[in-house]
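1. Coordinates only, no sequence provided:
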């Protein structure tokens, strides 16, 4: 059995009834996938397979928690994942994808969903993932406060670096390098 053999769904054995498969996605699963985005987690995946005319409809429901690094302090944090998705599969001559339909070889009659499960999980990780206020590594937050060069109201990462007001330096306290000070008086109006 291959390392992902337990994630095979034999479609040719499915009749007219809806079949449900349950999978546990734990640290061992993520170690086998060997991808840098997620390496730990505890999720359940319920997959319902319904045979339709000419194809199979796979409905996925994934629920659980993964561990990913916090964008602010780089310590691991728990990220809740809940996702529902659908995949349509049909038999053909070889492996391919045609307009949202996955084609599997009719001779094999099965699909391995290990990588589909992983993609659904990774695509549902928020772009910005940080600990709740006060849960970040205190030592790292202290270092960030000392080295931060952006203003708190910077629109690119607003809220990424939320610190106590008393520790922030305001724009009024910042001195301009004298070499650049004269550039503030340049008029860019070329009339």
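-> That came through, no problem. It should be emphasised that the depicted structure is a prediction, and the values quoted were computed from it without experimental measurement. Numbers count the residues shown, from 1 in each chain.
2. Relative to residue 180, how far out is the spatially most central residue of the chain?
-> By Cα atoms, centre = their mean, the chain has its centre lying nearest to residue 125, at 2.7 Å. For residue 125, the distance to residue 180 equals 40 Å [Cβ to Cβ, to the nearest Å]. From N, CA and C alone the C-beta is placed, and that goes for glycine too.
3. pLDDT weak spots in the protein?
-> Low-confidence segments of the chain, defined by pLDDT under 70, span residues 1, 149-174, 184-185, 187-191.
4. Can you give the domain ranges for it?
-> Domains of the chain are assigned by automatic domain parsing as 5-122, 137-168.
5. Comparing those domains, which comes out most buried?
-> Among the domains of the chain, domain 5-122 has the highest mean neighbour count (mean count of other Cβ atoms under 10 Å), at a mean of 15.
6. Redo the domains of the chain as CSV? Include distance to residue 129.
-> Below are the domains of the chain laid out as CSV (distance: least, Cβ to Cβ, whole Å):
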stretch, distance to residue 129
domain 5-122, 6
domain 137-168, 11
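7. For the protein, which segments count as helices?
-> 27-33, 114-122, 138-147, 178-181 (DSSP state H).
8. Which of these sits closest to residue 52?
-> Proximity to residue 52 (Cβ to Cβ) singles out helix 114-122 among those, at 18.5 Å.
9. Off-centre distance for the closest one?
-> 10 Å (Cα atoms, centre = their mean, to the nearest Å).
10. do stretch 69-76 as well
-> On Cα atoms, centre = their mean, the centre of stretch 69-76 falls 14 Å from the chain's centre.
11. Name the residues that touch it?
-> Contacting residues not belonging to stretch 69-76 are listed as 40, 67-68, 77, 128-131, 136-137, 140-141, 144, 160-161 [Cβ atoms under 8 Å, 6 or more residues apart in numbering].
12. Kindly report the same for stretch 93-111.
-> By Cβ under 8 Å, 6+ apart, the residues outside stretch 93-111 that reach it are 8-13, 55, 58, 87-92.
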